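Asks: Sequence and predicted structure, then a few things I'm wondering about:
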Amino acid sequence: MKSVFVLLTFLAVSQGIIKIPMMRGKSARQQLEERGLLEEYRSKFPHNPAAKFLPRDEQSVVPMTFDPDTTYYGEIGIGTPPQMFKVLFDTGSSDLWVPSVSCTSSACVKHSKFNSSASSTFQAGTRTFRISYYSGYTSGITGYDLIKIGNLFVDHQIFGITETESAFLDFVPWDGIVGLAFPGLSDQGGTPLFNNLWNQGKIDQYMFSMYLNSSVEGSMLILGGTDSSYYIRTLQWIPLYQATNYWNIEIRSITINGNTVACSGGCVASVDSGTSLIIGPSKDITNINGWLGASSDPNGEATVSCGVTSYLPEIVFHISGYDFALPPSAYIIQSASECRTGFASGTWILGEVFMRQFYTAFDVGNNRVGFAQAVRS
Ligand SMILES: *[C@@H]1O[C@H](CO)[C@@H](O)[C@H](O)[C@H]1NC(C)=O
Ligand SMILES: *[C@@H]1O[C@H](CO)[C@@H](O)[C@H](O)[C@H]1NC(C)=O
């Protein structure tokens, strides 16, 4: 009897977890490098990873920037019958948008486009939206439709249909973005997708989590809870820092071999699946890169000799009484031509470099983030 009860409980719990596979596509950086266009793009769209965290201006513009390395995406369907899109699941923004069939920008031509006339459940919205980028912008109209994510359906979800997209989106492997930050950040002004999943009773726990594998396949967005097969030991829970619209947490310090190398006296960082690297103020990043013996190139990228990477130290993030140690295998990014460190200048952001090492739970209901060592990726 007892074992039957346990089994039923297990089934009930696992039913509430929806797994959305994510792919790691070829990054814009790789595609531009192959075409010999990286330098041209870098000068046109300087890398400013923290741009989207700058305060919004009076026009309510959500700043974003060209991040050539962000590569994880999954699939959603919009409309009836569903039109499928590859989307970046971004914990650093709160809007959902995909290109429109009427968009003639080169970035739209290269991606899947939404045709509202082909959806029997589409309803036009009244708002326009405009997302400003470090260079250029994306703008369009809003609408409401049925969204399919995994085997779940969300009714009457507000989303943006872009009419214009900047050229820097030409080479990203995804068509659009699903924002997973808090509603107050939304430029479209409606309820974001994940909050609607909860409001419409589609998930058992007001939480999602992410496992980022370093290979093409195997990464997962988990809606409605966590999946312990993707991490070892237990999740360490960290309260959100104040009530903000971002997934902000407080870091106590960052050390190498017991020496504080950055974030002296504490700092606040955003946990952002839409940023590839670990970002921090330039004096902290310069100090970390100095400890690693890295040299900086004119683009602000720090590189080390690929031969020494295994001798580099662990970098330890002290957060809420826990220690999260990043080994060089996590923070060195090796490409065909070089070994870059995964640290760049801006305001503090823990991006994919951190999240690949630590499975991350985003607990909306309890305003906290959980980290646990990810299974070997
Ligand atoms: C949009 O869908 C309508 C209805 O199915 C179709 O007639 C039209 O050709 C489509 N437009 C484009 C640009 O694909
Ligand atoms: C992660 O990727 C590796 C290949 O690099 C693969 O062997 C492994 O099974 C993947 N992990 C999961 C949990 O899918």
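Replies: That came through, no problem. Ligands and ions are numbered 1, 2, ... in the order given.

Asks: contacts, neighbours, all on C-alpha from now
Replies: Fine.

Asks: can you pull out the strands in the stretch 251-377 of the chain?
Replies: 253-256, 259-262, 267-271, 278-280, 295-296, 302-304, 315-319, 322-326, 332-334, 339-341, 343-345, 349-350, 358-363, 368-373 (DSSP state E, counting those that start in this stretch).

Asks: Name the residues that touch the first one?
Replies: Strand 253-256 is touched from outside by 260-267, 313-319, with contacts defined as C-alpha atoms under 8 Å, 6 or more residues apart in numbering.

Asks: Quick one: buried ones out of those?
Replies: Applying 16 or more other C-alpha atoms under 10 Å to the contacts of strand 253-256, the neighbour count classes 260, 261, 262, 263, 267, 314, 315, 316, 317, 318, 319 as buried.

Asks: Out of these, flag the one nearest to ligand 2.
Replies: Taking C-alpha to the nearest ligand atom as the measure, ligand 2 lies nearest residue 314 of the buried ones among the contacts of strand 253-256, at 21.5 Å.

Asks: Okay, now the unreliable bits of the stretch 101-250 of the chain?
Replies: Counting by pLDDT under 70, the stretch 101-250 of the chain has low-confidence residues at 133-137.

Asks: Ligand 1 contacts on that one?
Replies: 101, 115, 117, 118 (C-alpha under 6 Å from any ligand atom).

Asks: can you pick the most crowded of these?
Replies: Across those, neighbour numbers were computed from other C-alpha atoms under 10 Å; residue 101 holds the maximum, 18 neighbours.

Asks: Tell me how many other residues surround the residue in the chain that ligand 2 sits nearest to.
Replies: Proximity of the chain to ligand 2 (C-alpha to the nearest ligand atom) peaks at residue 218, 3.7 Å away. Residue 218 has 15 neighbours, counted by other C-alpha under 10 Å.

Asks: which residues sit against stretch 112-127?
Replies: 78-85, 98-101, 141-146, 158, 161, 175, 188.

Asks: residue contacts, residue 333?
Replies: Counting by C-alpha under 8 Å, 6+ apart, residue 333 touches 339, 340, 341, 342.

Asks: And for residue 24?
Replies: Taking C-alpha under 8 Å, 6+ apart as the test, what residue 24 contacts is 71, 72, 73, 214, 215, 216, 217, 219.

Asks: Which strand or helix spans the fifth one?
Replies: Assigned by DSSP states H and E, residue 215 falls within no helix or strand.

Asks: okay, now it: neighbour count?
Replies: Other residues lying near residue 215 total 11 when counted by other C-alpha under 10 Å.

Asks: ditto for the last one
Replies: Residue 219 is flanked by 24 other residues according to other C-alpha under 10 Å.

Asks: Please identify the helix or strand for the residue nearest to residue 196 when sequence neighbours are not counted.
Replies: Residue nearest to residue 196 in three dimensions, not counting chain neighbours: residue 154, with 6.8 Å by C-alpha to C-alpha, 6 or more residues apart in numbering. Assessed by DSSP H and E, residue 154 sits inside strand 152-164.

Asks: Can you show me the helices along the protein?
Replies: 2-15, 28-34, 38-44, 106-109, 193-199, 282-291, 328-331, 352-357 (DSSP state H).

Asks: With respect to the ones you listed, which exhibits the lowest mean confidence?
Replies: Per-stretch mean pLDDT for the helices of the chain is lowest at helix 2-15 (a mean of 46).

Asks: ok, residue 245 - contacts?
Replies: 181, 182, 183, 184, 185.

Asks: correction: residue 268
Replies: Per C-alpha under 8 Å, 6+ apart, neighbours of residue 268: 241, 248, 249, 250, 251, 348.
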